[in-house]
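> Need coordinates for the below:
(one chain, ligands or ions: 4)
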Amino acid sequence: MLNKYARAFFTRVLTPFAALLLRLGVSPDAVTLIGTAGVMAGALVFFPMGEFFWGTIVITIFVFSDLVDGNMARQAGISSRWGAFLDSTLDRVADGAIFGGFALWYAGNGDDNVLCAVAIFCLASGQVVSYTKARGESIGLPVAVNGLVERAERLVISLVAAGLAGLHKFGVPGIDILLPIALWIVAVGSLVTLVQRVVTVRRESAEADAAAAADRGSEAAQ
Ligand SMILES: CCCCCCCC/C=C\CCCCCCCC(=O)OC[C@H](COP(=O)(O)O[C@@H]1[C@H](O)[C@H](OP(=O)(O)O)[C@@H](O)[C@H](O)[C@H]1O)OC(=O)CCCCCCC/C=C\CCCCCCCC
Ligand SMILES: Nc1ccn([C@@H]2O[C@H](COP(=O)(O)O)[C@@H](O)[C@H]2O)c(=O)n1
Ligand SMILES: [Mg+2]
Ligand SMILES: [Mg+2]
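Ligands and ions are numbered 1, 2, ... in the order given. Predicted coordinates for the structure are as follows:
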């Protein structure tokens, strides 16, 4: 949903910045790599220490590189298969660091085995949600469904909650409950999305196999 409705807005806002980077000689691949490194640093340095506010600020600065790199590639007319592969692969790395950072906090000083497990579930289910689309498309199916909770939703829900929960350390009472709530929402939403995508791939593959069988039948009859 965010991918559909917010992308156009962020494309307009980020286009001048993407053009500036191109004029400075920065490549889209460099932005992809530096953005991922920044997200990983923010998540794996700050989150395991329970510094959710500063972690979220660092991640937010770098996560928008994922919208800038493609924008740069399109402006410069250099969109490539390699770029698409690098972008999607490093998305998985960044997501692993974010939910891994939450899991490390709850496994350590956050001291909550259930929330540690929920964070690990968010990590794993998010990766599988993305994999269903990539694998479905690789076997020639359209996978014409995005589902309830795509990557943008996973990031916005968990990062807004983490940033606000981090204000607990500045004396805002009770606000730290937002992070567990967000993790549960992302976990349930990812499960629903996974089911939506698997059902779609099941239907599309049955239709494609039936169409292929009909083609073979009509060829044999000729
Ligand atoms: C009082 C202080 C409180 C502090 C609060 C701090 C709040 C900061 C909070 C959050 C900011 C979160 C921003 C998250 C932005 C996410 C942007 C992004 O990277 O989205 C990526 C997404 C997908 O891009 P791709 O096409 O490259 O990726 C594809 C995708 O990964 C597919 O995965 P799947 O969906 O299938 O699981 C893969 O299949 C595919 O391979 C892959 O290519 O891009 C978008 O979706 C575009 C839309 C982005 C919408 C961003 C909305 C941001 C909304 C709010 C920001 C609020 C900022 C507030 C700052 C306040 C600071 C104080
Ligand atoms: N280093 C890169 C990164 C991306 N691309 C191209 O952009 C597409 C992704 O666009 P986003 O707005 O989601 O970043 C990707 O499929 C590639 O075509 C690139 O070429 N090089
Ligand atoms: Mg990108
Ligand atoms: Mg991306």
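> average pLDDT across the one helix or strand residue 207 maps to?
Per DSSP states H and E: residue 207 is located in helix 178-221. Per-residue pLDDT values across helix 178-221 average out to 95.
> how far away is the spatially most central residue of the chain from residue 48?
With distances taken as C-alpha atoms, centre = their mean, the residue of the chain nearest its centroid is residue 151 (3.2 Å). In this view, residue 151 and residue 48 are 22 Å apart by C-beta to C-beta, to the nearest Å. For every residue, glycine as well, the C-beta is placed using N, CA and C.
> And residue 145, by the same measure?
According to C-beta to C-beta, residue 145 stands 35 Å off from residue 48.
> Now do the helix or strand of the chain with the lowest mean pLDDT: which elements does it pack against?
Using mean pLDDT, DSSP states H and E, the weakest-scoring helix or strand in the chain turns out to be helix 2-5, at a mean of 82. Judged by 3 or more C-beta pairs under 8 Å, 6 or more residues apart in numbering; DSSP states H and E, the packing partners of helix 2-5 are helix 151-165.
> Pull the helix it packs on out as PDB, backbone CA atoms only.
Extracted in PDB, the C-alpha atoms of helix 151-165 (Å, rounded to 0.1, in the frame of the first residue of the first chain):
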ATOM      1  CA  ARG A 151       8.700  -4.200   3.200                       C
ATOM      2  CA  ALA A 152       7.700  -0.500   3.400                       C
ATOM      3  CA  GLU A 153       5.000  -1.300   6.000                       C
ATOM      4  CA  ARG A 154       7.400  -3.600   7.900                       C
ATOM      5  CA  LEU A 155       9.900  -0.800   8.200                       C
ATOM      6  CA  VAL A 156       7.500   2.100   8.900                       C
ATOM      7  CA  ILE A 157       5.500   0.200  11.600                       C
ATOM      8  CA  SER A 158       8.600  -1.100  13.400                       C
ATOM      9  CA  LEU A 159      10.800   2.100  13.000                       C
ATOM     10  CA  VAL A 160       8.100   4.600  14.000                       C
ATOM     11  CA  ALA A 161       7.400   2.400  17.100                       C
ATOM     12  CA  ALA A 162      11.100   2.000  17.900                       C
ATOM     13  CA  GLY A 163      11.800   5.700  17.600                       C
ATOM     14  CA  LEU A 164       8.900   6.600  19.900                       C
ATOM     15  CA  ALA A 165       9.700   3.800  22.300                       C
END
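> Name the residues of that helix that are buried.
Residues of helix 151-165 classed as buried under the neighbour-count rule (16 or more other C-beta atoms under 10 Å) are 151-159, 161-165.
> Alright, I will stop here.
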